[in-house]
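Enquirer: Turn this into a model:
(2 chains)
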Number of protein chains: 2
Amino acid sequence: MKIAGKHYRTIWLAGDGWSVEVIDQTKLPFRFETVALKSAGEAAHAIRDMLVRGAPLIGATAAYGFAMALREDGSDESVEAAYELLVQTRPTAVNLKWALDQMAQAVKDIPVAERAAAAYARAAKICDDDVEICRRIGEEGLSIIRALSTGKGGGTVNILTHCNAGWLACVDWGTALAPIYMAHDAGLRVHVWVDETRPRNQGASLTAFELHAHGVPHTIIPDNAGGHLMQHGQVDMCIVGTDRTTATGDVANKIGTYLKALAAHDNGVPFYVALPHTTIDWSLEDGVAGIEIETRSAREVTHMTGQTGEGAIETVQISSPGSAALNYGFDVTPARLVTGLITERGTCPASRDGLLGLYPEKG
Amino acid sequence: MKIAGKHYRTIWLAGDGWSVEVIDQTKLPFRFETVALKSAGEAAHAIRDMLVRGAPLIGATAAYGFAMALREDGSDESVEAAYELLVQTRPTAVNLKWALDQMAQAVKDIPVAERAAAAYARAAKICDDDVEICRRIGEEGLSIIRALSTGKGGGTVNILTHCNAGWLACVDWGTALAPIYMAHDAGLRVHVWVDETRPRNQGASLTAFELHAHGVPHTIIPDNAGGHLMQHGQVDMCIVGTDRTTATGDVANKIGTYLKALAAHDNGVPFYVALPHTTIDWSLEDGVAGIEIETRSAREVTHMTGQTGEGAIETVQISSPGSAALNYGFDVTPARLVTGLITERGTCPASRDGLLGLYPEKG
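Expert: Okay, the predicted model is just below:
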């Protein structure tokens, strides 16, 4: 995707050929800055402090962090230490573990001296594969939007999304936003309701930033507003990403997704989840019972960072001093509320049978 | 209720005997300041700019604004002008109109010279009646909380609330929070999940401020979190206020209430609405179709005001510059999602029959 006319991925090898650079997403939407990551520790920090976020980009960053560790020391001990360091940075994102498993597998049976090169090659392939997967998800979702557009006689298709599952969450394209970009580029009339996505406001900051940069019509709304819009026919479909999807189609995504799925179900609005296969946790059945939901700092709820009228970045407390806050990162939307899962292999019902129809090798 | 040991109502006659003072709620929770209102215009400003908010307090403020107008000029023209000025300040709050109709009725058939005194007397009665109504709502709701407490063997009853329907929204006690204050004062163990209530954060600022001042255990959560908490058995009941309830039990309340009611319904959590009879709009059947939902400034979504580390009050933009926002004030929760309506005459099902059982004179 482009920013100010220049094409970017969200992670790329630096000119030195071994360190990587990423966009510091904590500075968005007010500053566009890139940061160099020069070690596994810096990669872990970038994941934990959300300089990078989004399941695919987290996986890609972990992969390069792993490669950088092996460049310093390719021993079995180093492999193990890098894996442990990186896998613990975000407990909910299943393809963080997937990416690290891929990396560990790629270096397992080869000489220590060759491990770094193999790791860099594997990390690059993880990135390229992600771009291709997102492109295919986009084409799958495009056909759904095209059908809605046709059903409205070419009128504007209003799409609600929650959090940021755009290209900033991936290496390029995005998951939930890929179909929207493709629909817009194909000349369909689309408009996106952007949930602001408290407490970190990834929607109002990142998704809005992306859509604005690309020229897609959109409107930021408080997370509280989606139900009202759906009651009044102002939402034609919902599409969100996911951090983890169970083998039965339960979907873990940013906290509040479940509430939008309930409203969609109550109002007959189709609710889609876009996901790469790496996000599927085939070992899990019951998402509500089985997925550990991380809690994050209460300060994300009680304080807010933004830009003053003078252009300075300032953090203010927005809650009553003396009151505690609790900050769950995700919730789980039961499969029964999901209209379909949009994957790189096609769209399927949110069920075991649906997923196995696309991924028979997992049966 | 008390602040720093001193008893307050939210509106009271000043020492001059004719102007009124209110708490400037836009300054909470960081500053406790009172403001004198010396004319109908100042009262209208206080309502429109939300120095006062909450249906009962809006009505009380409008009543005193009306009285102040008649003190200046008791003519029919003045009565009509004051009514028009004040009734348009907030379109959704039905008991704004109710209070003004009461005031107009009180001065209609009496000499111009006596109208101001009659208006002040009526305004004072509106305030005293509201306090008594809230006290009765509190006692009604207390019995529900007591039953839940008994059911948990005296364990903590976790109650989720949305927006501020506490004493700051009323003259004293509050509606949704009155049962909680009474339960706490009665020695029951209660804990309140306080929805922050974007975009104006009335929960995180006002409700948390109230509960903290009173010593009631509570935790601020993002509006996105309630569904997750309910899925995991961490909410025993929901209780909210309302700005307008239809004759069939549909409930207009702060935007996002509908989403919490959906989650409560999906998880078998009882969902109660506390209301004075003045909030019931007997002329309306279908709340979703019939209640006009006001939109407010997009700046409430895109900007946030809070306190810096140095103690200054600062406003920052929190959304991506260049992206528009939309800000609906309320949504409507269909009666089918409401477990019961808690009124000053008792608790009833959210239905026409339920309401007529308590208010047979409306049949």
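
Enquirer: which regions of chain A sit below the pLDDT cut-off?
Expert: In the predicted model of chain A, residues A:5, A:92-93 satisfy pLDDT under 70.

Enquirer: Tell me how far the most centrally placed residue in it lies from chain B.
Expert: Nearest to the geometric centre of chain A sits residue A:54, at 3.0 Å (Cα atoms, centre = their mean). Distance check for residue A:54 against chain B: by Cβ to the nearest Cβ, to the nearest Å, it reads 17 Å. Bear in mind the C-beta positions are built from the backbone N, C-alpha and C, glycine included.

Enquirer: and stretch A:63-76, how far out from the chain's middle?
Expert: Taking Cα atoms, centre = their mean, to the nearest Å, one finds stretch A:63-76 lying 25 Å from the centre of the chain it belongs to.

Enquirer: so the residue nearest to the centre of chain A touches residue A:165, yeah?
Expert: Yes. Under the criterion of Cβ atoms under 8 Å, residue A:54 makes contact with residue A:165 at 6.8 Å.

Enquirer: Touching both of those two, which residues are there?
Expert: residue A:241 (Cβ atoms under 8 Å, 6 or more residues apart in numbering or on different chains).

Enquirer: Downstream of the longest helix along chain A, the next helix or strand is which one?
Expert: The helix that spans the most residues within chain A, counting by DSSP state H, is helix A:112-151. Heading C-terminal from helix A:112-151, the first helix or strand you meet, by DSSP states H and E, is strand A:157-161.

Enquirer: Let me know whether that next one sits next to chain B.
Expert: No. On the criterion Cβ under 8 Å from any Cβ of the partner chain, strand A:157-161 is out of touch with chain B, staying 11.7 Å away.

Enquirer: on contacts alone, who are the packing partners of that strand?
Expert: Secondary-structure packing of strand A:157-161 (3 or more Cβ pairs under 8 Å, 6 or more residues apart in numbering or on different chains; DSSP states H and E): helix A:112-151, helix A:178-185, strand A:190-195, helix A:226-231, strand A:237-240.

Enquirer: who wins for proximity to chain B among those?
Expert: helix A:226-231 (3.8 Å; Cβ to the nearest Cβ).

Enquirer: who's in contact with the closest one?
Expert: Under Cβ under 8 Å, 6+ apart, the answer for helix A:226-231 is A:158, A:160, A:162, A:193, A:195, A:221, A:235, A:238, A:259-260, A:263-264, A:266-267, A:269, B:255-256, B:258-259, B:262, B:288, B:293, B:328, B:330-332.

Enquirer: same question, stretch A:263-273
Expert: A:141, A:144, A:176, A:226-227, A:230-231, A:235-242, A:245, A:251, A:253, A:260-261, A:333, A:337-342, A:347, A:350, B:258-259, B:262.

Enquirer: picking that back up, can you pick out the ones from the contacts of helix A:226-231 that are in strands?
Expert: Residues of those located in strands (DSSP state E): A:158, A:160, A:193, A:195, A:221, A:238, B:330, B:331, B:332.

Enquirer: Could you give the bridge partners of the last one?
Expert: This means residue B:332. Legend: beta-bridge partners of residue B:332 under DSSP bridges are residue B:252.

Enquirer: how deep is it tucked in, by neighbour count?
Expert: 26 (other Cβ atoms under 10 Å in any protein chain shown).

Enquirer: Next: the third one.
Expert: For residue A:193, the number of neighbouring residues by other Cβ under 10 Å comes to 23.

Enquirer: Which stretches in the stretch 201-350 of chain A count as helices?
Expert: With DSSP state H, counting those that start in this stretch as the criterion, the stretch 201-350 of chain A has helices at A:202, A:208-214, A:226-231, A:257-267, A:287-290, A:299-302.

Enquirer: looking at these, which is buried most?
Expert: helix A:202 (a mean of 28; mean count of other Cβ atoms under 10 Å in any protein chain shown).

Enquirer: quick one: that one to chain centroid distance?
Expert: Remark: helix A:202 is offset 10 Å from the chain centroid, using Cα atoms, centre = their mean.

Enquirer: That one close to chain B?
Expert: No. Against chain B, helix A:202 shows no contacts by Cβ under 8 Å from any Cβ, the least distance being 10.7 Å.

Enquirer: contacts for that helix?
Expert: Helix A:202 is contacted from outside by A:53, A:163, A:164, A:254, using Cβ under 8 Å, 6+ apart.

Enquirer: For these, give me CSV that also has neighbour count.
Expert: CSV is the format used below for the contacts of helix A:202 (neighbours: other Cβ atoms under 10 Å in any protein chain shown):
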residue, neighbour count
A:53, 25
A:163, 31
A:164, 32
A:254, 26
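
Enquirer: Which ones among those lie within helices?
Expert: Using DSSP H, none of the contacts of helix A:202 sit in helices.

Enquirer: which among the residues you listed gets closest to residue A:135?
Expert: Minimum distance to residue A:135 across the contacts of helix A:202 is 18.3 Å, recorded for residue A:164 (Cβ to Cβ).

Enquirer: and that closest one, how far is that from residue A:10?
Expert: As for residue A:164, its distance to residue A:10 is 11 Å (criterion: Cβ to Cβ, to the nearest Å).

Enquirer: what's the burial count for the closest residue to residue A:203 other than its chain neighbours?
Expert: Of all residues not flanking residue A:203 in the chain, residue A:197 sits nearest, at 3.8 Å (Cβ to Cβ, 6 or more residues apart in numbering or on different chains). Residue A:197 is flanked by 26 other residues according to other Cβ under 10 Å.

Enquirer: residue contacts, the residue in the stretch 101-250 of chain A that chain B sits nearest to?
Expert: Residue nearest to chain B within the stretch 101-250 of chain A (Cβ to the nearest Cβ): residue A:224, separated by 2.8 Å. By Cβ under 8 Å, 6+ apart, the contact set of residue A:224 is B:197, B:198, B:223, B:254, B:255, B:256, B:259, B:331.

Enquirer: what's the burial count for the third one?
Expert: Counted with other Cβ under 10 Å, the burial measure for residue B:223 works out to 31 neighbours.

Enquirer: quick one: it and residue B:258 touch, right?
Expert: No. Contact status for residue B:223 versus residue B:258: not in contact, 11.7 Å apart, counting by Cβ under 8 Å.

Enquirer: In a markdown table: the helices and strands packed on strand A:157-161, plus distance to residue B:209.
Expert: Output for the helices and strands packed on strand A:157-161, formatted as a markdown table (distance: least, Cβ to Cβ, whole Å):
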| stretch | distance to residue B:209 |
| --- | --- |
| helix A:112-151 | 44 |
| helix A:178-185 | 40 |
| strand A:190-195 | 27 |
| helix A:226-231 | 27 |
| strand A:237-240 | 34 |
